[in-house]
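In: starting from these lines, generate the structure:
(2 chains)
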Amino acid sequence: MAENNKKSKNKNYRKGLDIFLFLLPAILLFVGILIAPIAVSVYRSFQKWNGFSPGTFIGFKNYKDLFTSGSIHFMPALKNALIIAFFSVFVQLPFSLLLALLLGRKYKGERFFLTVFFMPVLISTVVIGQLWLKIYNPDYGILNRALIGLGLSNWTHVWVGDPKTAMGSVVVPTIWQFIGYHMLLMYAGVKGVSPDLREAAMLDGATNWQVDRYVVIPIIKPIIRTSVIFAVTGSLKTYDLVRIITNAGPTHKTEVPSTLLEDMLFLRNRYGMGSTISVMLIILCFAFALAISAVFKEKEY
Amino acid sequence: MEERYTLKKSNPALKVLVYILLVVWAFINLFPIYFMFTFSLKSNEEIFGKNVVGLPREWLWSNYSSAMNTGNMGLYFVNSVFVTAISILISIVAAMMATYALTRIKWRGANFTNAFFMLGLTIPLQASIVPVYVILSKLHWLNHYSTLIIPYAAFTLSMSILICTGFMVDIPYDLDEAARIDGCGLWGTFIKIIVPLLKPAYATIGIYAFLQCWNEFMFANVFISDKQHRTLPVGIKALSGAYTTDWGPIGAALVIATFPTLIVYIFLSRRIQESFIAGAVKG
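Out: Model prediction:
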């Protein structure tokens, strides 16, 4: 009996060790690169710190400055990220949904269109940014040339350099690039709706649009929720296209939290404030994800 | 009845409208790719002159040699391939091992640990950039391949575990028991039964992680400053800074970075689309 007990204890110990070893690589990566640095970021966000000397503890001052100090530009940066999020949710996603619903109706060429619409997702944002810079170029870009060709010379702009159009010139490629991504997710959902259900509704005299509105959309609601969460958190994290197209200019007009974060490290040596911005980003991403889930839950009843 | 049904189904005017929309949108998506390809083969005179959007009159392949030689795109391409491949490999191995422990061994805390890993799906990469940068620079570890490989493996880990879980729960548990009866331990079962049966998961994870790593710009831009270790996105940024007035070589660089992915996509489009769906819908 005692012998048995010892054996099973040994076995348990062995099993525990195995579980630990199986998890070890993932835990090292995950904790080492994500969790521990975040803990450090939280700690440093309460400090005035230049990255090299030991920091001084200043409580919530960084957080307060973030929202009140004009020289940090965090509020305008956050506003810009939210502008992108707004267009993402109210322009990009509805259009993606429209495409997904149309392609779900078995038009000829469905595969071709699906494949083409998804292509921009595969292209690096840096490449997309460079391409759009060429399109926007004030002297030789296609956009201004097309406007002149159409007799609309008054409409030409120094798109990227003009404070009035700079934000727009970032928003358009951002929205455009990921329409295909959201469309694909929604299309998968639309295809998952049983054809019998669609046919039954049509036999009852429903039009295609009514079927989409009352049958398909309610079924793919969880996918729409996922898309909304991706679109909003993705917008909060925007970096690549802003860095490439406008470089956050002119005069901070297109600054977003991530570009600001980078400046805190490389231009201003304010590592404490940089940490504060990254902590705020995490908080915002989680808060929006939770809020969006809550909104979708409420709508269910 | 039958007639009414078919009548409702096809409204010719609406159908034409829908096709116009689909074709216009397809054009908007294909045009930038066409534009990139054609201006990569033109001289400035053509791009800036009268032949802005047409096919190149004179096919200037020398733009490609400028991009490869002066612009170092060949090196950046190899760097990207290497960094991406090793990151994916590490991510897959770590994810498979972790998923095995989380789904096929019974222990208290498995659910909690899984939830812990899933935090990585929402956490923005930016969250860890400051401390990781400071530590790496103190250790003089910036400008290595591993400077990018380790973070990339970590960032793709949560999604890899999620995808692996989807595939692993589909493997019948009887197989584990049979292996156990044949005298295989946990490791034996893992290596002999699970790893070979997970082959479809490798492709899905690989495709998903490939794009994450291949196109990643922020970390590469912040952590890599020397020429030797630049990946394609950083290389393109550097090149466009060097060739502000000469568009052809920039176009060539964009094509070098983009076309290999697009060509693979054309052949494997269904498989690649399914990977993205698996990644998002299960999440």
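In: residues in contact with stretch B:79-92?
Out: Contact with stretch B:79-92 is made by A:25, A:29, B:145, B:148-150, B:152-153, B:156-157, B:160, B:202, B:205-206, B:209-210, B:213-214, B:229-232, B:235, B:257, as judged by Cβ atoms under 8 Å, 6 or more residues apart in numbering or on different chains. Heads up, the C-betas are built off the backbone N, CA and C, glycines and all.
In: kindly recompute the last result at 7 Å.
Out: Identification of contacts with stretch B:79-92 by Cβ atoms under 7 Å, 6 or more residues apart in numbering or on different chains yields B:145, B:148-149, B:152-153, B:156-157, B:160, B:202, B:205-206, B:209-210, B:213-214, B:229-232.
In: next: stretch B:45-58.
Out: Contacts of stretch B:45-58 (Cβ under 7 Å, 6+ apart): A:Y140, A:I142, A:R145, B:F35, B:T38, B:F39, B:L41, B:K42, B:W247.
In: can you pull the residues of the stretch 151-283 of chain B lying near chain A?
Out: B:151, B:153-154, B:157, B:161, B:186, B:211, B:215, B:217-218, B:222, B:232-233, B:236-237, B:240, B:247, B:250, B:254, B:257-258, B:261-262, B:265, B:269, B:273, B:276-277, B:280-281, B:283 (Cβ under 7 Å from any Cβ of the partner chain).
In: try it again with 6 Å
Out: The stretch 151-283 of chain B has residues B:151, B:153-154, B:157, B:186, B:215, B:217-218, B:233, B:236, B:240, B:254, B:257-258, B:261, B:265, B:269, B:273, B:276-277, B:280 near chain A, with proximity defined as Cβ under 6 Å from any Cβ of the partner chain.
In: list the contacts of B:I149.
Out: Residues near B:I149 by Cβ atoms under 6 Å, 6 or more residues apart in numbering or on different chains: B:V83, B:I86, B:S87.
In: so the second one sits in a helix?
Out: Yes: counting by DSSP: H, G, I helix; E, B strand; the rest coil, B:I86 is found in a helix.
In: residues near it, how many?
Out: Neighbourhood size, B:I86 [other Cβ atoms under 10 Å in any protein chain shown]: 18.
In: same check on the first one?
Out: Burial measure for B:V83: 24 neighbouring residues, criterion other Cβ under 10 Å.
In: about what we covered before: so which of the residues of the stretch 151-283 of chain B next to chain A are in strands?
Out: Within these, no residue falls in strands by DSSP state E.
In: the lowest-mean-pLDDT helix or strand in chain A - contacts with which helices or strands?
Out: Lowest on mean pLDDT, DSSP states H and E among the helices and strands of chain A sits helix A:2-30, with a mean of 84. Judged by 3 or more Cβ pairs under 6 Å, 6 or more residues apart in numbering or on different chains; DSSP states H and E, helix A:2-30 is in contact with helix B:73-103, helix B:145-168.
In: orientation of the shortest one relative to helix A:2-30 in degrees?
Out: This points to helix B:145-168. Per axes from the mean of the first three to the mean of the last three Cα atoms, to 10 degrees, the angle that helix B:145-168 makes with helix A:2-30 is 130 degrees.
In: pull out the buried residues from whichever helix or strand comes after helix B:145-168.
Out: Using DSSP states H and E, the helix or strand that follows helix B:145-168 in sequence is helix B:174-181. Within helix B:174-181, the residues that count as buried by 16 or more other Cβ atoms under 10 Å in any protein chain shown are B:D176, B:A179.
In: now helix B:174-181 against helix B:73-103, angle please.
Out: Going by the same axes, to 10 degrees, helix B:174-181 makes 80 degrees with helix B:73-103.
In: thank you kindly, that will do.
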